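Colleague: quick one, structure for this:
(one chain, ligands or ions: 1)
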Amino acid sequence: MISFHEIRKAYGDRRVLEGVSLDVAPGRVTALVGPNGSGKTTLMKILLGLARADAGEVKVNGTPLDATGSYRNAIGYMPQAAAFPEHLKVRELVELVSALRAGAARDTDLVESFGLGSEWERPVGKLSGGTRQKVNAAIAFLFRPSILIMDEPTAGLDPVAAGVLRTRVRRERDDGRLVIVTSHVLSELEDLADDVAFLCDGLLRFTGSMGQLLSQTETSRMEDAIVTLMRASANGTAARATPGMAAAQ
Ligand code: ADP
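Modeller: Next comes the predicted model:
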């Protein structure tokens, strides 16, 4: 379980998160959605220790995040665009990451499913965008993390590779792992996400299951539901957070 409690964050005058409280459950895929600039990445960076909240607390399995960052060993992070050292070969990159997590079990299933063996001796800087994204995904899954954070995971992947990744995410979920996915491609989240957290103007405007989202907005597609929530937010009549997944504002 990950619990965000009253998280606040501003960059200068720009107040990005204005008291965000959210519980994210294991064994579920949670979609974190919201308009561009709504603070999704900032919230994930605070969880990862890459940004510091101005106020509030994050707990992972009941333990507040500590300065040593040891909790991060439990997290596999797939950033939107991974900044790998360009000159390293794929093999060297995987070896480097493995050395940083010495002793941890290795899971090379995605390396094989994506056929990365044929790219093994190529420098990362020479890979196509899609192949880089496959490497990015394979590394996030490499140590069977109990928590997976994925930012626009299928961006740049061909449909076959995107399908491989989605199948893998579902398997992790079914194995009890906690998965948070952010994406602008709502149609692909629709059949992946169990729960939805909708962030807008610094506040969570909806938290609950996908079924609750659709029924509450009286829509049949996630995209329509999110548009409905965005209109409601703009009108100041945001949908009330549902009790299912999380306590929001
Ligand atoms: P999202 O992921 O929802 O698109 P972000 O969390 O990336 O949103 O950004 C939220 C807001 O915070 C944006 O207005 C963005 O410009 C601003 N922001 C993000 N990171 C920084 C930073 N390091 N310095 C200043 N402003 C930032």
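Colleague: quick check: Ala193 touching Thr30?
Modeller: Yes. In this structure, Ala193 sits in contact with Thr30. The criterion is Cβ atoms under 8 Å, and the distance is 6.6 Å. (Each C-beta comes from the backbone N, C-alpha and C, glycine too.)
Colleague: which neighbours do the two have in common?
Modeller: The overlap between the contact sets of Ala193 and Thr30 (Cβ atoms under 8 Å, 6 or more residues apart in numbering) consists of Val181.
Colleague: host element of the spatially closest residue to Arg166 that is not a sequence neighbour?
Modeller: The spatial neighbour of Arg166 that comes closest, neighbours along the chain excluded (Cβ to Cβ, 6 or more residues apart in numbering), is Leu192 at 5.7 Å. Using DSSP states H and E, Leu192 sits in no helix or strand.
Colleague: measure Leu192 to the ligand for me?
Modeller: Distance check for Leu192 against the ligand: by Cβ to the nearest ligand atom, to the nearest Å, it reads 18 Å.
Colleague: shouldn't that residue be in contact with Ala31?
Modeller: Yes. Taking contact to mean Cβ under 8 Å, the distance of 7.4 Å between Leu192 and Ala31 places them in contact.
Colleague: okay, now the unreliable bits of this structure?
Modeller: Low-confidence segments of the chain (pLDDT under 70): 237-249.
Colleague: contact partners for Ala104?
Modeller: Here Ala104 is in contact with 73, 143-144 (Cβ under 8 Å, 6+ apart).
Colleague: helix/strand/coil for the nearest residue to Gly39 once chain neighbours are set aside?
Modeller: Excluding the flanking residues, the one nearest Gly39 by Cβ to Cβ, 6+ apart is Val16, at 4.3 Å. Here Val16 is strand, with the state taken from DSSP: H, G, I helix; E, B strand; the rest coil.
Colleague: again, but for the one 10 residues further on
Modeller: Using three-state DSSP, the structure places Pro26 in coil.
Colleague: which strand residues bridge the nearest residue to it once chain neighbours are set aside?
Modeller: Distances taken as Cβ to Cβ, 6+ apart put Leu178 closest to Pro26, at 4.2 Å, once the chain neighbours are dropped. Beta-bridge partners of Leu178, counted by DSSP bridges, are Ile147.
Colleague: was I right about Leu178 contacting Ile2?
Modeller: Yes. Counting by Cβ under 8 Å, Leu178 touches Ile2, with 6.5 Å between them.
Colleague: for these two, work out which one has more neighbours and name it.
Modeller: The residue with more neighbours, out of Leu178 and Ile2, is Leu178; 24 against 20, by other Cβ atoms under 10 Å.
Colleague: tell me which parts of this protein are close to the ligand?
Modeller: Applying Cβ under 6 Å from any ligand atom, one finds that the chain approaches the ligand through 11, 14, 16, 34, 36-42.
Colleague: next, Ala104: secondary structure please.
Modeller: Going by three-state DSSP: Ala104 is coil.
Colleague: can you check Leu110 too?
Modeller: When the structure is split into helix, strand and coil by three-state DSSP, Leu110 lands in helix.
Colleague: what about the nearest residue to it once chain neighbours are set aside, how many neighbours?
Modeller: With Cβ to Cβ, 6+ apart as the criterion, Leu110 has its nearest non-adjacent residue at 4.2 Å, and that residue is Ala138. Under the neighbour criterion other Cβ under 10 Å, Ala138 is assigned a count of 25.
Colleague: how about Val29?
Modeller: The burial count assigned to Val29 is 23, neighbours taken as other Cβ under 10 Å.
Colleague: with Arg28 instead?
Modeller: Neighbour count of Arg28, defined by other Cβ under 10 Å: 17.
Colleague: picking that back up, how about the residue nearest to Leu110, phi and psi?
Modeller: Backbone torsions for Ala138, taken as degrees, to the nearest 10, come to phi -60, psi -40.
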